[in-house]
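In: generate coordinates for the sequence data below:
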Amino acid sequence: MFIFSAPLRRLIYVLIFEAGAIALSTALLTRLSAGPAAQSLVVSVLVTVIALIWNFVFNTGFEAVEHRFRLRRTLWLRVLHAVCFETGLVLVTVPLFMGFYGVSFTEAVAMEAVLLVCFLIYTFLFTWGFDRVFPRPPLPARG
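Out: Predicted structure coming up:
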C-alpha cells in the first residue's frame, strides 16, 4: 500500500490507467480489425491522446456551465455528463476507425461499442484495484 499526495496520486492514476488503456485497446482493436497490432497501437495512442484532450476541454466547459447555472452534481447530472462526454468521443473515434481500418460506419460503431463495454469493466476494475494499492490520503481534520 502506497500513500501519496492527492496531485501525485492523480498523476500516477492517469499514467497507469492510460498505459493499460493503450494495451487493452490495442489488443481489442487488433482482434476486431483482424489487422496488424502495429496499426492498432497507432490507433490506440491516437484515441488516447484525443480522449485526454477531449476530457480536458469537455470537463472545463462542463464545469463552467455548472458554475454559471449553479448546478448541483446530482445523479442525473452525472448521467448527462457521461453521455455527453462519450458521445463527443464517439463522434471522433468512429470516423477514425473507418479511415484507419477501411471499415463501414456500422462496423466502426460495432468496434466502438465493444470498446465502450470493455472500458466500462476496465475502468471499474482498475479504479477498484488502484484504490486498494494507492488509498486516498487522509482528509485533514476539521477545525
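In: got the contact list for the nearest residue to Ser104 once chain neighbours are set aside?
Out: Nearest non-adjacent residue to Ser104, counting by Cβ to Cβ, 6 or more residues apart in numbering: Met98, 7.3 Å away. All C-beta atoms are positioned from the backbone trio N, CA, C, and that covers glycine. By Cβ atoms under 8 Å, 6 or more residues apart in numbering, the contact set of Met98 is Ser104, Phe105, Glu107, Ala108.
In: need the pLDDT of the second one.
Out: According to the prediction, Phe105 has pLDDT 98.
In: same check on the last one?
Out: Ala108 is assigned a predicted lDDT (pLDDT) of 97.
In: Phe56 versus that one, what's the distance?
Out: 25 Å (Cβ to Cβ, to the nearest Å).
In: between the two, which is the more surrounded one?
Out: Ala108 (22 against 10; other Cβ atoms under 10 Å).
In: longest helix of this structure?
Out: helix 37-69 (DSSP state H).
In: what's that one packed up against?
Out: helix 6-33, helix 75-101 (3 or more Cβ pairs under 8 Å, 6 or more residues apart in numbering; DSSP states H and E).
In: between helix 75-101 and that helix, find me the angle.
Out: Helix 37-69 and helix 75-101 are oriented at 150 degrees to each other (axes from the mean of the first three to the mean of the last three Cα atoms, to 10 degrees).
In: buried subset of the contacts of Met98?
Out: Glu107, Ala108 (16 or more other Cβ atoms under 10 Å).
In: mind putting the contacts of Met98 in TSV, secondary structure and distance to Glu66 included?
Out: Below are those laid out as TSV (DSSP: H, G, I helix; E, B strand; the rest coil; distance: Cβ to Cβ, whole Å):
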residue	secondary structure	distance to Glu66
Ser104	coil	38
Phe105	helix	34
Glu107	helix	37
Ala108	helix	32
